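Colleague: everything below, folded, please.
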Amino acid sequence: MANTSRAGSLAAGLLLVIALTSCGREPAAKNPDLPQGPETSADSTSIPPSSGTDPVPGASASAGPGKPGGTGAPPSNQPPRPGTGPGQAPGPAGKPQPAPGAPGNPCGKPPPGPAGDGRAQQRIYFTPPGTHQWPDVEVTLRACATSGLPVTYQLQNGGRGGSCWAADFAGTTTRAQSVPLSCEVTATQAGNAAFAPAQPVVLTWMVNKLAVKIGWLGSADTLFYSAPGHVATLQVRVTAMHAIPPLMIYTQANGACGEPEAPRSVGGTNSAAITFTVRVPLTDPGAQPGSCDLRVSVDSNQIANGSYDNRHYVVRR
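Modeller: Residues are numbered from 1 along each chain as shown. Purely as a prediction, here's the structure:
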């Protein structure tokens, strides 16, 4: 009986030693085949919200659209970013551009707001036809509407009256039939089911006669008697900004100079500068020194009327 009591005391002591020596050891690994519950800890600390950077440089596990280290590509089941999908094309500075066939605004900003009938408004932009000189008598009219609809043109008096005589349109091109020409041109766009009519724009197209300049070339202000013949030879130069058409030449002299001799016509050679000679006889070689005034005029249906130049000379022996 005493032995049994001693054995029981010894077993109890061993159990106490085992309990004391196992205190502080890590718990045994859980069986992976058993369901796992959430682990909690009384002394755990909260993790601050992510600042948008991966905790480890170069890590990409958490990278995605909008995160550093990711490819930026959305998942396959998500819509693409604006401006990158079908129907968009990158434009200047990466801005998306309208897809081909999409409504455009090719010539400026339309008026704000809808028209009174609810249709969209439109505006015409018309490049001024300008003022031209013969033989630059052809003009191509250039206007566009903010709607993209075609613009039509009307000439003053239909191009058949007043100061506006012009050829019929060939596309958007017309020619002056006579000069000078001053012709109002009206650009219109009548609208359609989507756009209200545009406000017409009226501009002026002008074609003037060719302006020429006449000058005496390389001659002093004094003409001397010369023998034989007592004739002074002078040169006249006609210049213009375009090729000079055939010109009629007229000369006149007063005083100590006789009737000048000059060609009856010059020009028509596709040149913008023409030089011709004028021979001036000096009257009464035995007379006292005097003076003369010379005048040269040129005329043509295509140049400005009254193109002339006067030159005053002193005549000496």
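Colleague: identify the residues contacting Val236.
Modeller: Residues in contact with Val236, defined by C-beta atoms under 8 Å, 6 or more residues apart in numbering, are 214-217, 262, 275-278, 296, 309. Glycine gets a C-beta too; all of them are placed from N, C-alpha and C.
Colleague: mind checking how far the closest residue to it other than its chain neighbours is from Arg264?
Modeller: Excluding its sequence neighbours, the residue lying closest to Val236 (C-beta to C-beta, 6 or more residues apart in numbering) is Val296, at 5.3 Å. When C-beta to C-beta, to the nearest Å is the yardstick, Val296 and Arg264 sit 13 Å from each other.
Colleague: the two: which has the busier surroundings?
Modeller: Set side by side, Val296 and Arg264 show more neighbours around Val296, with 24 against 8, by other C-beta atoms under 10 Å.
Colleague: partners of the helix or strand the more buried one falls within in the sheet?
Modeller: When secondary structure is defined using DSSP states H and E, the element that contains Val296 is strand 290-299. Strand pairing for strand 290-299, using DSSP bridges, gives strand 247-255 (antiparallel), strand 307-316 (antiparallel).
Colleague: of the ones you listed, which is nearest Ala145?
Modeller: Nearest of these to Ala145, taken as C-beta to C-beta: strand 307-316 at 43.2 Å.
Colleague: the closest one: which residues count as buried?
Modeller: Buried residues in strand 307-316, counting neighbours by 16 or more other C-beta atoms under 10 Å, are found at 307, 309, 311, 313, 315.
Colleague: tell me how far the fourth one lies from Trp216.
Modeller: Using C-beta to C-beta, one gets 9 Å for the distance from Tyr313 to Trp216.
Colleague: likewise for the third one?
Modeller: Distance from Arg311 to Trp216, counting by C-beta to C-beta: 5 Å.
Colleague: ok, now the last one?
Modeller: Using C-beta to C-beta, we find Val315 at a distance of 15 Å from Trp216.
Colleague: returning to what we had before: can you redo the buried residues of strand 307-316 as a markdown table with pLDDT?
Modeller: Formatted as a markdown table, the buried residues of strand 307-316 follow (pLDDT from 0 to 100):
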| residue | pLDDT |
| --- | --- |
| Ser307 | 83 |
| Asp309 | 89 |
| Arg311 | 89 |
| Tyr313 | 89 |
| Val315 | 83 |
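Colleague: quick one: which of those residues is nearest to Leu181?
Modeller: In terms of C-beta to C-beta, no member of these lies closer to Leu181 than Ser307, at 19.0 Å.
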